[in-house]
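Engineer: all I have is the shape, not the residue letters:
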């Protein structure tokens, strides 16, 4: 019996392939996500493990604050002498290195004077002495290490990409401004294929300390033990020396720690991608359910014959399930192989959006094979269960009856009940998920995902009832355009509403998600843009190229004193701690801030702020129980404490506040924090924004290119721009689900053409042309896909309305852009046209004579 | 229905005639007062209006009648594919009308063989695989010698590894006959076995069925339109309006 199932599968190769395609994509996305993120992880592992390859112990400043602009705490240079004096120490050197990005920024200029990685990939600045080469993770491929001010070594990636050679001169932008340098060496980062577009600029330590404003400090002291001394012993000896804000680890432990810091980010990307793979798989489940349902219906006579020959119901069930298992396994295997290729595509997708990461080949872990294989197979079998049960309901008497109809499931009566139960469950989950703010993000997301899934199943269950009325409406233009073919197509779409419905349901999911994401993303972006706009009154805003990196205040001052420029108002930014929690801090210029930002303050205004005084954010004050007049201690990322008096409390918008929790004067900021840099600078010009002023300011900043200048509105727009980038990634990933549903339409049509061979032959015999036959099929496909859109769009809009309503306190309101929605309708029509190509060609090519004698 | 040149006997009550035969050989298929009504109310159709018959071991019975006379319904009910509205059916002494699906499956495996009008072979299996399929479904061993005998008998030795699409209609029906014979069913049901064949091929298939009865005592019930098919039967039951209207014994 099992051989019958397998041979049957082999005999219906095309159908098997069409069925399988439905899950190949989903599986490929899941396995590709694993491959890509494993590759990134492996590359980071390689970066960090080679960073400490010859280091027995690492003394470094503690990480007191997360995501600080100025980095972790540092250690004083004086500590190095003490470390070197330990008898067990063979060699010790101090260096400057921070791999978390955004801390030691050194941006090179290419040969045409254009800044490299101005707004994209990380630009690491490193300070290491030539004598300390045993601690240097890089190896020279040409020249020598930098030994004096004005000298740098660079990584071979940037050297070959931008045509740099030893002896070339260029410039580099650092904390101290833009300095001229000469390239004296080119080096390779050990054991890594690609740095993912990151650049390394290596100075000697003393120069680096000056350029990064870390005079007399090291981020790290690398220590090598004498022969016979264990790393552990060395570490415990060193511990007696180091100050409280520093720590000692073995090289291996430090590598592991650094790796852990980026692991969370990689993990996020992994789950994000896998999530979309699951969506594609879910859509594929519908396609498989549909395809298997149709094939079971078409095999009624065969199944009935098996029953008359003595096959039990259980045997019939097993044979259909076995078919699903084999299809699932084979499709998943193909999907996994395709996923390895897809990993490359995903990687280009991310780098196209300026998020390129180091990669180390295409590693295929056991999990990369097992999980997608399991997911694909289980899903196929689950989707095949209902068709399999239907197969068992085929009565043996169908073997002898002509034109015996397929056994229909009892879904006719139960579907509305199932839909009602699942629908209300979905509504409850979505309602709580969207509107209750009391639950944590994790369970909340799970609730929303569960709600979406249930909603889709409920909609699919009730969908068949809606087919006839919807087609009655959308069929009109088709009947007009396609005349007889269109009218026949309308009839065909309606003749088996269950089948049409589940075909369209697959596309419905894609359209629902795309329209939901589009509308919700749009309102989020609008709200975000409005929030930024409402806080700025200055004519122009200066930020780093990527908008979030801190930049040297020297860079912002390039426009100061130019004709027409009334002032440049610096806003410093960093993070520190108050009590047990992290808190952002800004420095402002009291003289000009009043004309640059619009912030409602209770108590002392920003313009009246004096030394040691702070204006704090309302939510921060509440969380830390700080009232007007209270004194509190702020600690910077280096642990340095500052006493501040809360003189005012400002109202911050819920979404993206321009100012951080604590606002002090720039003078207080510069005294309290290491390496003070700007987050923004505001520029006011005489006569307000004008094209001439914009051109002049742009020219002023064009030399360095470290920062960019934008009008207030432009700034608000770019601040919200990252959302558009996230949206475009999501669109690409959802496109895969839409493609899966396209396969579903192809399947249904191909099987329908096969099923209706005799009928199409008859139509051709009575005068239908090939062209008309093709048009009939094409119109069927377009109506099916329009059905998907007809349900998907309203559901997507409804969900977006719920979501924005739930976040209305953040300033979100739903806007329904008609052109965008029209695009989605157009998109579904295109899906229909593409899906119809092959089935329509087949219908057109039918030989009339053999079609009529077809049994 | 009577035909010229046909060796007919005067109509007798079916049960009397059957009892005469059962005196000599045991009854393997027995129906008693079988009725079958489709639908209900005004639209109800009575396909069978009280049919009784006995078929003895080694007998070949042909059931004839015009379309809609109820002959197919009778066969479906005798074979356990359909249930009567009233009446009993016994196969090999067991009452089958109240059997569960499981019991019916078992019954089919051991007692029933089918030959269909449209052959109903599985296209992806070879001739031999089609023949042995019922035994494999039942998880029973194929007796090689009997298989050879059967394949030989139907004349398929050469074409055993061909697929149905590579065989002519007559050859396909030979495969179907072999499939039905292989499990030595208590009764073989043939549903218009020549309905889809030309007259020459029909004669061959009929001869095959007759030989199976003569050589192996294969009890056979055949529903047919074909006058020639009726000629090979031991007994012919003529149907009209859901009843046996005439019974003719040929041999």
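Structural biologist: Nice, I can see it. Worth saying up front: this structure is predicted, and the values here are computed from it rather than measured.

Engineer: residue ranges with poor pLDDT in the chain?
Structural biologist: Here I'm looking at chain A. A:118-119, A:191-194, A:354-356, A:402-413, A:852-855 (pLDDT under 70).

Engineer: let's do chain B instead
Structural biologist: Across chain B, the ranges flagged by pLDDT under 70 are B:1-24, B:251.

Engineer: which residues touch stretch B:140-147?
Structural biologist: If you take CB atoms under 8 Å, 6 or more residues apart in numbering or on different chains as the criterion, stretch B:140-147 is touched by B:109, B:128, B:131, B:132, B:135, B:136, B:182, B:183, B:184. C-beta coordinates here come from the backbone N, C-alpha and C atoms, glycine included.

Engineer: what about 10 Å?
Structural biologist: By CB atoms under 10 Å, 6 or more residues apart in numbering or on different chains, the residues outside stretch B:140-147 that reach it are A:310, B:109-110, B:128, B:131-132, B:134-136, B:149-150, B:160, B:178, B:181-184, B:216.

Engineer: how far off centre is that stretch?
Structural biologist: 22 Å (CA atoms, centre = their mean, to the nearest Å).

Engineer: figure out the length between the terminal residues of that stretch.
Structural biologist: For stretch B:140-147, the first-to-last residue distance is 13 Å (CA to CA, to the nearest Å).

Engineer: stretch B:35-43 too?
Structural biologist: Stretch B:35-43 stretches 16 Å from its first residue to its last (CA to CA).

Engineer: now do the strands in the stretch 1-150 of chain B.
Structural biologist: Assigned strands in the stretch 1-150 of chain B, in chain order: B:27-38, B:45-56, B:60-64, B:86-91, B:94-95, B:112-115 (criterion: DSSP state E, counting those that start in this stretch).

Engineer: the contacts of stretch B:140-147 in helices, which ones?
Structural biologist: B:109-110, B:128, B:131-132, B:134-136, B:149-150, B:178, B:181-182, B:216 (DSSP state H).

Engineer: and those, which is closest to residue A:260?
Structural biologist: residue B:136 (58.4 Å; CB to CB).

Engineer: so the closest one sits right up against residue A:1, yeah?
Structural biologist: Yes. Counting by CB atoms under 10 Å, residue B:136 touches residue A:1, with 6.8 Å between them.

Engineer: what sits against residue A:415?
Structural biologist: Residue A:415 neighbours (CB under 10 Å, 6+ apart): A:409, A:458, A:460, A:461, A:462, A:463, A:464, A:465, A:498, A:501.

Engineer: just the buried ones from these?
Structural biologist: Buried by 16 or more other CB atoms under 10 Å in any protein chain shown: A:409, A:458, A:460, A:461, A:462, A:463, A:464, A:498, A:501, out of the contacts of residue A:415.

Engineer: show me what contacts the residue in the stretch 151-251 of chain B that chain A sits nearest to?
Structural biologist: Chain A sits closest to residue B:191 of the stretch 151-251 of chain B, with a gap of 5.3 Å, by CB to the nearest CB. Residue B:191 is in contact with A:399-400, B:63, B:71-72, B:75-76, B:79, B:81, B:114-118, B:120, B:221-224, counting by CB under 10 Å, 6+ apart.

Engineer: out of the residues you listed, which are buried?
Structural biologist: By 16+ other CB under 10 Å, the contacts of residue B:191 give A:399-400, B:63, B:71-72, B:75-76, B:79, B:81, B:114-118, B:120, B:221-224 as buried.

Engineer: so which of those belong to helices?
Structural biologist: Those of those mapping onto helices are B:71, B:72, B:75, B:76, per DSSP H.

Engineer: what's the closest non-adjacent residue to the last one?
Structural biologist: Nearest-residue entry for residue B:76: residue B:82, 3.9 Å, with adjacent residues in sequence omitted and distances by CB to CB, 6 or more residues apart in numbering or on different chains.

Engineer: and the one you found, what is it in contact with?
Structural biologist: Contacts of residue B:82 were listed using CB under 10 Å, 6+ apart, and they are A:395-397, A:400-401, B:36, B:38, B:47-48, B:72-76, B:97.

Engineer: residue A:707 versus that one, what's the distance?
Structural biologist: Applying CB to CB, to the nearest Å, the value for residue B:82 to residue A:707 is 86 Å.

Engineer: around the residue in the stretch 1-150 of chain A positioned nearest to chain B, count how many other residues there are.
Structural biologist: Per CB to the nearest CB, residue A:11 is where the stretch 1-150 of chain A lies closest to chain B, at 3.7 Å. Residues contacting residue A:11 under the criterion other CB atoms under 10 Å in any protein chain shown number 14.

Engineer: before we move on, what about the one 10 residues further on?
Structural biologist: Residue A:21 sits with 23 neighbouring residues when counted by other CB under 10 Å.

Engineer: how about residue B:225?
Structural biologist: Look at residue B:225: counted by other CB under 10 Å, it has 15 neighbours.

Engineer: repeat that for residue A:797.
Structural biologist: Neighbour number of residue A:797 under other CB under 10 Å is 18.

Engineer: likewise residue B:41?
Structural biologist: 5.

Engineer: how about stretch A:134-143: buried residues?
Structural biologist: With burial defined by 16+ other CB under 10 Å, the residues of stretch A:134-143 counted as buried are A:135, A:136, A:137, A:138, A:140, A:142, A:143.

Engineer: from residue A:841, how far off is the closest residue to chain B within the stretch 601-750 of chain A?
Structural biologist: Taking CB to the nearest CB as the measure, the stretch 601-750 of chain A has residue A:750 as its residue closest to chain B, at 18.5 Å. In this view, residue A:750 and residue A:841 are 10 Å apart by CB to CB.

Engineer: for residue A:146, same thing?
Structural biologist: 66 Å.

Engineer: ok, now residue A:2?
Structural biologist: Relative to residue A:841, and taking CB to CB, residue A:2 is found at 35 Å.
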